[in-house]
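Undergrad: please find the sequence and the predicted model below.
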Amino acid sequence: MLTQTTTRVLEPADLGAALAVLESAPVENAFVTARVRIAGLDPWRLGGEMWGWYTEGRLTSLCYSGANLVPICATPQAVRAFADRARRTGRRCSSIVGPAGPTTELWRLLEPSWGPARDVRAHQPLMVAEEPSATVAADPLVRRVRKDEMETIMPACVAMFTEEVGVSPLAGDGGLLYQARVAELVAAGRSFARIDDGKVVFKAEIGAATRQACQIQGVWVAPEHRGKGLSETGMAAVLQYALADVAPVVSLYVNDYNTPARAAYRRVGFRETGAFMSVLF
């Protein structure tokens, strides 16, 4: 039993305590909770380490350190400890992402040694819906993407990622990891699209899913179809699927400067409940 304030890398035996922390904020933590539910805490399976912050022997905060650095239920003391560990290990992640408060402080502490960042998105509203849209009719042509439609959906996924992140997911390994992730979502029935004459008009995925909450990501409308309300009717359809088949709470987060998207999501029925922050390298 740890009897002092300290931080350490969690082990598989710590799974129950880690899940208790994660599930104390099921919407904010959906992404990491989903990974831990599938992979446990073994770093090889999880794709990174889970750091734990203990106060008088009790696990109170976490930080996932893998492709992303993600503070979880992190108190100010925990953030300082996670920043110290991150500085010692060096930057191995492509982004820092998490609730705006602790992520802002984590980046403040890491920027002198890890900066500069390629992009800092300091305020990304977290939006939540718990009921199907009462004001926007779901597009009946939005459906689950089939496994035999990978060649159709991939160009839209690449275009969305490049627009959103600023770099192509095909860089580095030629897109093998990204294609595998898209295929995983398609196989799980969590990739949705409207496909007209063999071309993707609208698409979105449910990227993370737990019993308590799920998170929509990758919302994209083909450039030639923008301004027609397809993001609203498409999102109403995905929301309907998510609530019926996946989880009772559906969330997403969006860049604060993307005012058209925020307005569209509000019309569909999403409300802002908090904010995330992303630091991209």
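TA: Received, thanks.
Undergrad: give me the neighbour count for Ala159.
TA: As a burial measure, Ala159 scores 16 neighbours (other CB atoms under 10 Å). C-beta here means a position set from N, CA and C on the backbone, and glycine is covered the same way.
Undergrad: which helix or which strand is home to it?
TA: helix 150-165 (DSSP states H and E).
Undergrad: wait, Met235 sits on Arg266?
TA: No: contact criterion CB atoms under 8 Å: Met235 and Arg266 do not qualify, at 10.8 Å.
Undergrad: roughly how far is the helix holding Ala159 from the heart of the chain?
TA: 17 Å (CA atoms, centre = their mean, to the nearest Å).
Undergrad: quick check: mean pLDDT across that helix?
TA: The pLDDT scores in helix 150-165 average 96.
Undergrad: wait, isn't Ala137 in contact with Thr233?
TA: Yes: using CB under 8 Å, Ala137 is in contact with Thr233, at 6.3 Å.
Undergrad: ok, Met235 and Arg266, which is more surrounded?
TA: Neighbour tally, Met235 and Arg266, criterion other CB under 10 Å: the higher count belongs to Met235, 30 against 16.
Undergrad: so what's the more buried one closest to, chain neighbours aside?
TA: Closest residue to Met235 in three dimensions, ignoring its sequence neighbours and counting by CB to CB, 6 or more residues apart in numbering: Val268, at 4.9 Å.
Undergrad: before we move on, what about Pro248?
TA: Excluding the flanking residues, the one nearest Pro248 by CB to CB, 6+ apart is Glu130, at 6.5 Å.
Undergrad: for Val182, same thing?
TA: Cys157 (5.2 Å).
Undergrad: over to Asp42?
TA: In space, Asp42 is closest to Pro12, 5.6 Å off (CB to CB, 6+ apart).
Undergrad: quick one, what contacts that neighbour?
TA: Gly40, Leu41, Asp42 (CB atoms under 8 Å, 6 or more residues apart in numbering).
Undergrad: ok so, going back, pretty sure the residue nearest to Met235 is touching Val136, no?
TA: Yes: using CB under 8 Å, Val268 is in contact with Val136, at 5.1 Å.
Undergrad: those two - which one has more neighbours?
TA: Higher neighbour count among Val268 and Val136: Val268, with 24 against 20, using other CB under 10 Å.
Undergrad: circling back: just the contacts of Pro12 now: which is nearest Ser24?
TA: Leu41 (17.0 Å; CB to CB).
Undergrad: name the SS class of that closest one, please.
TA: coil (DSSP: H, G, I helix; E, B strand; the rest coil).
Undergrad: what are the boundaries of the strands in the stretch 1-150 of the chain?
TA: Along the stretch 1-150 of the chain, the stretches classed as strands by DSSP state E, counting those that start in this stretch are 6-9, 49-55, 58-65, 68-72, 95-99, 119-129, 143-144.
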